[in-house]
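predicted model follows, preceded by the sequence.
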Amino acid sequence: MPEFMPAAPSRWSVYRRTLRYYAPYSAPIFLALAFVLLNIGTDLLKPWPLKYIIDSILDPKASPSTYHNLHYLLQLCLGLAGLCLLSGLFNLVSSYLLVKIGLKALARIRCDLFAHLQQLSLKFHDARNSGDSMFRVSYDAQAIQTILNRGLVPIFTAILTLLTTAVIMFRMNWHLTLLAITIGPLLFYAIYHYADRIRRESTLISESESELTSRTQEGLAAIRIVHAFGREDYELDRFQQQAQRSLSANLKLTLTQLNSALVIGTLMGFGTTAMIYFAAQHVISGDIKLGELTVFVSYLAMLYQPLQTLTYTSFALEGAAAGAQRVFEILDTKEDVPDKPGAVAVKHVGGIIEFASVAFGYDEARLILKDVSLRIDPGQRVAFVGATGAGKTTLLSLIPRFYDPTKGVVQLDAMDLKNLKKKSLREQIGIVLQDTMLLAGTIRDNIGYGKLGASDAEIERAAVAARVHDFAKETPKGYATEVGERGVRLSVGQRQRIGIARAFLKNAPILLLDEPTSALDPQTEATIMETLRELMKGRTTVMVTHRIGTIHDCDRIFVLENGTLVEQGTGPELLQRNGAYARLYHSQSRG
Ligand SMILES: Nc1ncnc2c1ncn2[C@@H]1O[C@H](COP(=O)(O)OP(=O)(O)OP(=O)(O)O)[C@@H](O)[C@H]1O
Ligand SMILES: [Mg+2]
C-alpha cells in the first residue's frame, strides 16, 4: 500500500459513513420501510385462518354454528389467499424501492470514487496498480449497496419480525416460548464467533481478487512484450499462482460459512424438536388446542427464520464492510497537490516562468532536481538538454504542477504555483508528452481532446499543421480512423504527430514540448519544426530535446546534468564556453 494511503477506517465508521451516504434518500427509505411493516403485519396474520379452520370448523367440540360450516370455511380460505396476495405485493413494492435506492447510492459512490481517483496526483498513481483502483471502483463499491439491501434492511425486518412474533408467542403460551428461545444466547455466541472470521477472510478475498484483476490488466497491456520475449508460459504461471491464492481464500471462506450454517442449523433443529416434544404433551392433556399448536409451530418458524437471517446478514454485512473499507480508504486519501483554499484562477498569462532554488524527488530518499534556479521570460523559446535521466521531463512536469517541489518555489508571473487553481493553470499550458498518450477512439477524437467542442475545421487546421493530415487522408476512413487502445494501430511517429496537433488545437499561451519530434524522420521533423516555430511565436515555449540541431537557435538553452543546472545561454554563447553543451553539439554534428 502506498505510504500516503491513510490507515483503514474502523468498521463502525464504515457503517456510519455508509449510512450518511443514504441520508439524501431518507424519505423514500421511510416509505419503503412502511411497506416492510405492512409486509410483516400480513405475514403475522397468515397462520390464523388455519387455526380457525382446525379449531372451529373441523373440531366436533366447536360451537355448532361454525362446525362444518362451509360458508365460513370459504371465507377463511379467501382471507388466507388475500393475505398471501397482499404480503406478496407489499414485498414487491418495498424490495423494488430499496434496491432502487441501493443502486442509486452505488452509482453515486462510483462517480465519487472515479472523480477522487482523477483528482489524486500522479505520485499516487505512480505508486500503485491501476488494476487495484479499477477493482475498487467496479467491485468493492458494490459493498455500499450490499450494506443496505443485504444488510441493514434484512436486519431491520428480522428484528421487527422476531420481536413481534416473540410477543405474540409469549401471550399465547409463555412456557413454550421460553423453551423455544433458550437457544438464543447460544445462537448469538455462534454468530459473533463466525462474523469476525468471515470479515477477515472476506478482506483476504478482496485483496487476492484485486491482485488477479491487476495481473490480467498488466499481462494484456504488455502483450507485445510478452509475445516478443515468448513469456506466455511465465505470465500464465504467475497468473495461475494468483488464481490459486484467490481459490484458497474463497474456499476458506466457504468452509467457514458452511461450518457456521451447520452449527446454527443444528442449534435451531434442537430448539424446534424440544418445543414440539413438550407442545404435543400439552395438546394431549388438553391445555392447548390443536389449531393453536399449528399457529405456534408456524410462529416458531417465523421466530427462527429471522434469527437465521440475522446470522447470514451479519456475515454479508461483515464481508461488505471489508469492501466499503477499501472504498473509503481511497476517498480518504488526501490530494498531495491540493488547491489551496484561497487559490486564484489564472486568467491572462504573461508567461514568466521562474524556478527559485527548486529541489525535487519522487521520494524522500533521492533528489532528482537539486537547487535549480532559472527564469524564462514571456514569449521566449527555451530548451533543456542533457543526458538521459538528467531530470528534464521531471523539471517540465513541475510547470503544470503535476508535482510540487520538495524545496523552493516555482512561479508563473511572480505567483507561486501553489497559490493558483490547478485547473486554470493547466488551461494555460499546451503539452506534448514524451510518450504520446492516445485514448481509444478516432483520430478526430484524439486531436479534439485538446479543445472539447472544437469544430471540424479547427481540428483539420491543427491536423494539417502537425502533418497528421498527410497520413489521415491515406486511410479509407480519414479522421474517423480508430486508433486502437493507447493508439496501438498507429506508428509511433503518427501518434507523436497527433500529440502535437492536440497541442496546436489547444492554442495555449505556454507550450511544453518533451521531445516532440524524437520519433520522426529528419524530413518530417524539419517540416514540423517549421510549423512549431510558427506556433511558438508570441508564446513562452519550453522544449526538451536530444536533437541539438532543432534548438541551437533558441533564445536560451539550459543544460542539465544529474539534476543540476550546469550551463545556460544562447547556442553560440554556449559553444564558445566549450563546456557540456559544446560537447553535445560537436558529438551530434559529427554524427
Ligand atoms: N514517476 C517517477 N517515479 C520515480 N522516479 C522517477 C519517475 N519518473 C522519473 N523518475 C526518475 O527520475 C530521474 C529523471 O527522470 P526524467 O524522466 O526526468 O529524465 P529525463 O532527463 O527526461 O531523461 P530522458 O532524456 O531519458 O527522457 C530518473 O532517474 C528516473 O528514474
Ligand atoms: Mg524525459
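Yep, that arrived. If you're wondering where the values come from, they're calculated on a predicted model, not measured in any experiment. Ligands and ions are numbered 1, 2, ... in the order given.

reduced to three states, what does whichever residue of the stretch 401-550 of the chain sits closest to ligand 1 come out as?
Closest to ligand 1 within the stretch 401-550 of the chain is Q434: 5.7 Å, counting by Cβ to the nearest ligand atom. Quick note: C-beta positions are derived from backbone N, CA and C, even for glycine. Counting by DSSP: H, G, I helix; E, B strand; the rest coil, the backbone at Q434 sits in coil.

what number of residues lie near it?
The tally of other residues near Q434 (other Cβ atoms under 10 Å) stands at 15.

for the spatially closest residue to it that is not a sequence neighbour, what are its contacts?
Excluding its sequence neighbours, the residue lying closest to Q434 (Cβ to Cβ, 6 or more residues apart in numbering) is D514, at 4.1 Å. Under the criterion of Cβ atoms under 8 Å, 6 or more residues apart in numbering, the neighbours of D514 are K392, T393, L396, I431, V432, L433, Q434, M543, V544.

could you do A105 as well?
Residues near A105 by Cβ under 8 Å, 6+ apart: Y21, Y22, Y25, I144, Q145, L148.

measure the third one to G79 for me?
Counting by Cβ to Cβ, to the nearest Å, the gap from Y25 to G79 is 36 Å.

these two: who's more crowded?
Between Y25 and G79, counting by other Cβ under 10 Å, Y25 is the more crowded of the two (20 against 15).

surely that one meets L103?
No - look at Y25 against L103 with Cβ atoms under 8 Å: they stay out of range, at 11.0 Å.

pLDDT weak spots in the stretch 451-591 of the chain?
590-591 (pLDDT under 70).

please report the distance of the residue of the chain found nearest ligand 2 from ligand 1.
As assessed by Cβ to the ion, ligand 2 sits closest to T393 within the chain, at 3.1 Å. Taking Cβ to the nearest ligand atom, to the nearest Å as the measure, T393 falls 3 Å from ligand 1.

so where does that residue fall, helix or strand?
Following DSSP states H and E, one finds T393 within helix 392-398.

what helices or strands is that helix leaning on?
strand 353-360, strand 369-376, strand 381-386, strand 510-514, strand 540-544 (3 or more Cβ pairs under 8 Å, 6 or more residues apart in numbering; DSSP states H and E).

most tightly packed of those?
Highest mean neighbour count of these: strand 540-544, a mean of 25 (counted as mean count of other Cβ atoms under 10 Å).

what residues does the stretch 1-150 of the chain have near ligand 1?
Applying Cβ under 6 Å from any ligand atom, one finds that the stretch 1-150 of the chain approaches ligand 1 through D126.

also the stretch 251-400 of the chain?
Residues of the stretch 251-400 of the chain lying close to ligand 1 (Cβ under 6 Å from any ligand atom) are Y362, I368, G386, T388, G389, A390, G391, K392, T393, T394.

quick check: next helix or strand after the lengthiest helix in the chain?
Identified as the longest helix of the chain according to DSSP state H is helix 232-284. Sequence-wise, the next helix or strand downstream of helix 232-284 (DSSP H and E) is helix 290-332.

got the angle between that next one and helix 232-284?
150 degrees (axes from the mean of the first three to the mean of the last three Cα atoms, to 10 degrees).

next up, phi/psi of the residue nearest the centre of the chain, please.
Geometric centre of the chain, nearest residue: V137, 2.3 Å, by Cα atoms, centre = their mean. V137 adopts backbone torsions of phi -70, psi -40, taken as degrees, to the nearest 10.

and if you look at the one 10 residues further on?
The phi and psi torsions at I147 (degrees, to the nearest 10) take the values phi -60, psi -40.

my guess is it meets A322, correct?
No - in this structure, I147 is not within contact of A322 by Cβ under 8 Å, at 11.0 Å.

between those two, which has more neighbouring residues?
Higher neighbour count among I147 and A322: I147, with 27 against 24, using other Cβ under 10 Å.

mind listing what the more buried one touches?
Y15, T18, L317, A320, A321, A324.

as TSV, those residues with neighbour count would be great.
Output for these, formatted as TSV (neighbours: other Cβ atoms under 10 Å):
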residue	neighbour count
Y15	17
T18	24
L317	24
A320	27
A321	23
A324	26
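
tell me which helix or strand the spatially most distant residue from the centre of the chain sits in.
Using Cα atoms, centre = their mean, the residue of the chain lying farthest from its centre is P64. It sits 70.2 Å away. In the assignment (DSSP H and E), P64 maps to no helix and no strand.
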